[in-house]
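Trainee: what's the 3D shape of this:
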Amino acid sequence: MKPGQRVVLSSHFVAAENVEDPAQILIGLTASPDAARVLADWPDGTLAEYALMPVAALTPAEGLEEFDSTGLVTIGRFIIPFGGLLRGRLAAGETLVVNGATGAYGTAAVLLGVAMGAAQVIAAGRNQDALEARAAGPRVSTVSLTGDVQKDASALREAAGGGAHMAFDRVGQARDPKATLAALHSLRRGGRLVLMGSMTIDLPVPYTTMMLNNWEIMGQFMYPAAAYRRLLDLLRSGLLDISSIRPRVYPLAALPEAMEAAASAGSLECIVMEP
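Mentor: Presented below is the predicted three-dimensional model:
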């Protein structure tokens with residue numbers, strides 16, 4: 001790192017300790033009880049003109065001069081779902097189902113699936129009007145979920161040409177498991193399901209069906225340390241288009257107003273604070 005260098009900050013910081021399970025925090029936000037001492041060392045976020053951050057949380061951002069800061073900051077919308085797609089080993093030519101595609105991170109996951117070379121991305125959700133706005137290009141199709149697991153799984157499998165290689169669950173605070181189960185049952189044999197949303201109840205897993213189909217279920221929190229470098233490479237190459245995420249810029253003096261805006265912002269909007 002050099003003085004004056006343009007960088008992107010990751011809020012996810014993992015302590016550089018040579019132990020099996022190093023402490024990790026979200027800088028300025030939260031930590032598990034075992035990582036409270038790390039958060040005490042790095043308690044402040046970025047709502048300031050100057051910020052002190054661990055160097056391990058910074059990624060150089062050269063070669064992106066066509067993006068001003070308020071535009072480049074929207075890349076933060078993509079980094080979390082990118083971690084989930086990396087965890088699920090999404091490969092070029094595969095078919096991807098994104099459950100919860102109308103949410104902020106689900107929308108980003110659809111765009112990332114295209115950028116990473118998925119042959120087909122199926123955007124799934126319960127709001128058909130919102131889904132239509134996610135149909136960006138010929139490799140994206142939509143499936144409106146009904147709440148009937150068997151019917152929805154069948155529709156997803158049909159859209160995926162017989163079954164998806166990977167399903168990515170991005171539904172937040174789900175009150176029932178139906179959409180997630182539909183995504184699971186949309187998989188072809190050997191398919192993978194990545195869980196990166198949240199659910200207020202337990203997910204009932206069909207043991208025998210899982211075994212017979214060689215399905216794999218993975219949980220993922222945040223993203224690996226190298227993810228921002230790879231994500232910025234997608235942006236530099238022109239493979240990832242972030243232009244559909246619109247920044248709404250507020251000065252620091254208008255922080256209360258910006259917080260209200262963030263609480264009601266749509267999934268294609270990003271609230272940005274500018275010193």
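Trainee: ok so A16 is a helix residue?
Mentor: No. A16: not assigned to a helix; according to DSSP: H, G, I helix; E, B strand; the rest coil it is coil.
Trainee: for it, list the residues it contacts.
Mentor: Contacts for A16 were tallied using Cβ atoms under 8 Å, 6 or more residues apart in numbering; they are P22, A56. For every residue, glycine as well, the C-beta is placed using N, CA and C.
Trainee: and the strands in this structure?
Mentor: Along the chain, counting by DSSP state E, strands occupy 7-9, 12-14, 24-26, 30-31, 58-60, 95-99, 120-125, 140-144, 164-169, 187-195, 216-219, 246-251, 269-274.
Trainee: and the first one, what other elements does it pack with?
Mentor: The helices and strands touching strand 7-9, judged by 3 or more Cβ pairs under 8 Å, 6 or more residues apart in numbering; DSSP states H and E, are strand 58-60.
Trainee: identify the residues contacting the strand it packs on?
Mentor: Contact partners of strand 58-60, identified using Cβ under 8 Å, 6+ apart, comprise M1, Q5, R6, V7, V8, L9, S10, Y228, R229, L232.
Trainee: buried subset of those, written for ChimeraX?
Mentor: In ChimeraX syntax, the buried subset of the contacts of strand 58-60 is picked out as below (16 or more other Cβ atoms under 10 Å):
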select :7,8,9,10,228,232
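Trainee: okay, the contacts of strand 58-60 in CSV with distance to L145 next?
Mentor: Putting those into CSV (distance: Cβ to Cβ, whole Å) gives the following:
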residue, distance to L145
M1, 46
Q5, 45
R6, 41
V7, 40
V8, 34
L9, 36
S10, 33
Y228, 32
R229, 35
L232, 33
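Trainee: so among the contacts of strand 58-60, where is pLDDT lowest?
Mentor: Within these, the minimum per-residue pLDDT falls on M1 (88).
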